[in-house]
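>>> what's the 3D shape of this:
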Amino acid sequence: MKTNQLTLPMFPLNIVLFPGETCKLYIFEQRYRQMVEDCLLNGASFGVPFIERGELKEYGSELKIKRVLKTYENGSMDILVEGVRLFRLKTFKDVLRPKLYGAGTIEPLEGGQRIIMNNLQDAVVNYYNSVEDKLTDYETVSKLTIYNVAAALQLSASEKFRLITTPHQQQYLLNILNFRMHVLRCEQQLKGRFAEN
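Purely as a prediction, here's the structure:
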C-alpha cells in the first residue's frame, strides 16, 4: 500500500504542537525568515521535526502560519503558528539549494485515537472535574481524542514527543494523569496539615 508522503520546508525545534494548538515563534535567522516569507507567499505550511538534546528525531509537527504578529527593524519577526498534523520524517536535507533553509519528506500520522480505555475515561473525568473545574461526563470524554486531552494537560515538549511515538498512547496518558492526581492529593494533604497547625 502506497503511503501519502509530502515534501515540506523544515524548521527543527524543541516543540511539538498537536493539531489545533497554537504558539508564538520568534524568527531571527536569515534562512528561517526566508522560509516564513516563502510560506506566506505560497500559503504553504512547514514541518518542525522535534529536536531533543541537539538530536533530530524522526517525528514532528506540520505547522501553518496564522499571522505575523510583529516585524522588527532588523527583519526578525514574531509569528503565530498552529498545528496542522503530526508526522514521521522520512528524509531530511539541511539545506535545499537555492534556498537557505532545509526540507524533508514526511508521512502524516493518523489523527489521535478516541479515548476508549475505561480506566483512562475514569481518570479524564476525574481530572477535568477536580483539577480543571469543568463538569465533564463520560459521553463527552468518549468523543475526545488522545491529543485533545494531552493539549489540555499542557504537557512538556518531551512528554508530547513520547506520547506520539509510543504504541501505547492510552496507557502513557493514563500514567501521566495518575501521577498528576497523586501529586495533587499529596499537595492537598500537606495544605490540610499546615491548616491544622
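>>> Residue 7: what secondary structure?
Secondary structure, DSSP: H, G, I helix; E, B strand; the rest coil: residue 7 is strand.
>>> how much distance is there from the top helix by length along the chain to the middle of the chain?
Ordering each helix of the chain by length in residues (DSSP state H) puts helix 169-196 first. Helix 169-196 has its C-alpha centroid displaced from the chain centroid by 24 Å (CA atoms, centre = their mean, to the nearest Å).
>>> So for that helix, what gets flagged as buried?
169-170, 172-174, 176-177 (16 or more other CB atoms under 10 Å). Heads up, the C-betas are built off the backbone N, CA and C, glycines and all.
>>> Check which helices and strands that helix sits against.
Based on contacts counted as 3 or more CB pairs under 8 Å, 6 or more residues apart in numbering; DSSP states H and E, the elements that helix 169-196 packs against are helix 118-130, helix 146-152, helix 157-165.
>>> Name the surrounding residues that touch the shortest one.
The contact list for helix 146-152 (CB atoms under 8 Å, 6 or more residues apart in numbering) reads 18-21, 111-115, 124, 128, 132, 159-160, 163, 169-170, 173.
>>> wait, which of the helices and strands packed on helix 169-196 is closest to residue 49?
Nearest to residue 49, of all these, is helix 157-165, at 10.5 Å by CB to CB.
>>> Other residues contacting the closest one?
Helix 157-165 is contacted from outside by 14-16, 18, 50, 52, 57, 59, 86, 109, 146, 150, 155, 169, 172-173, 176, using CB under 8 Å, 6+ apart.
>>> could you give the angle of it to helix 169-196?
Using axes from the mean of the first three to the mean of the last three CA atoms, to 10 degrees, one finds that helix 157-165 and helix 169-196 are set 140 degrees apart in direction.
>>> Following the record's annotation, map out the domains of this structure.
The chain breaks down into these domains under automatic domain parsing: 6-108, 118-196.
>>> Quickly list what residue 55 is bridged to.
Per DSSP bridges, the residues bridged to residue 55 are residue 52.
>>> One more: residue 25?
Beta bridges link residue 25 to residue 79 when assigned by DSSP bridges.
>>> OK, contacts around it?
Residue 25 makes contacts with 13, 78-79, 81, as judged by CB under 8 Å, 6+ apart.
>>> top of those by neighbour count?
Neighbour counts for the contacts of residue 25, by other CB atoms under 10 Å, peak at residue 81, which reaches 24 neighbours.
>>> how close does it sit to residue 63?
With the distance defined as CB to CB, to the nearest Å, residue 81 ends up 4 Å from residue 63.
>>> Find the residues that touch each one of these two.
Residues within reach of residue 81 and of residue 63 at once, by CB under 8 Å, 6+ apart, are residue 17.
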